[in-house]
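> Sharing a sequence plus its predicted fold:
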Amino acid sequence: MRLRRKRSGAILIEYLVAAMASILIGIALLALIQTTYSSQTIVMGQNMTFVTARQAVDVLADHIRNAQSYQTSTTPTYAAVSSGSLTSITLYTDSTSGATETYTYDSTHKQLTRTVSSTTTVVLTGLDDLQFTYHTANGTNYTSSGPFNLVSGSGHTPQSTDYPNLVQVDINAEVTINGATKRILSSVRLRNSPYRP
């Protein structure tokens, strides 16, 4: 009878060891699943940041590209960009009326706004930085392949004489959404500047 008791005790210990091993394996599997879901959330957040920021910058780039040449004075001087700075750009949207739209980086609220006819809308939030850089052509030949010249102020502050010859605008944006940060660079060639009669 003593022999049977030893075997019963050994089986109980085997069950306890098996239970502990099962618990440890279960904890490891739960940790793996949790890490997988956390990684998926991070990757999805980064992808969402990139998609949201890229869409907003693409819309901005399309509007810059399609700015209309407007005759700005009685002399035949045409420009597609009305004014520009490091963090703001005003584009002509109509070649006959001179209607404009303005894109401005609001560093206080970390957003890009669009103003048309005194109505301001938010285009993009989570914007940490936005810079415009302006280039002029060497002449009035729109098809010139360059090299293009940076305007004064390291390319960020065009003068009134630069606007008729603007040929390219570079966009440099940094966006943080859901804790993920992306920097997006885009070079936009103006379709209607310099003006071709």
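Received the coordinates, thanks.

> What's opposite residue 89 in the beta bridge?
Under DSSP bridges, the beta-bridge partners of residue 89 are residue 84, residue 103.

> elements contacting the host helix or strand of residue 26?
Residue 26 is part of helix 2-65 when elements are defined by DSSP states H and E. Counting contacts by 3 or more Cβ pairs under 8 Å, 6 or more residues apart in numbering; DSSP states H and E, helix 2-65 is packed against strand 88-92, strand 100-106, strand 119-125, strand 166-177, strand 180-189. The C-beta positions use only the backbone N, C-alpha and C, and glycine is treated the same way.

> And those strands: which comes nearest residue 112?
strand 119-125 (4.3 Å; Cβ to Cβ).

> Near the residue lying closest to residue 162 once chain neighbours are set aside, how many other residues are there?
Distances taken as Cβ to Cβ, 6 or more residues apart in numbering place residue 151 nearest to residue 162, at 4.7 Å, with adjacent residues excluded. Burial measure for residue 151: 21 neighbouring residues, criterion other Cβ atoms under 10 Å.

> ok, residue 151 - contacts?
By Cβ atoms under 8 Å, 6 or more residues apart in numbering, the contact set of residue 151 is 134-136, 157-159, 162, 166.

> same thing but at 10 Å, please
Residues near residue 151 by Cβ atoms under 10 Å, 6 or more residues apart in numbering: 84, 133-136, 157-159, 161-163, 165-166.
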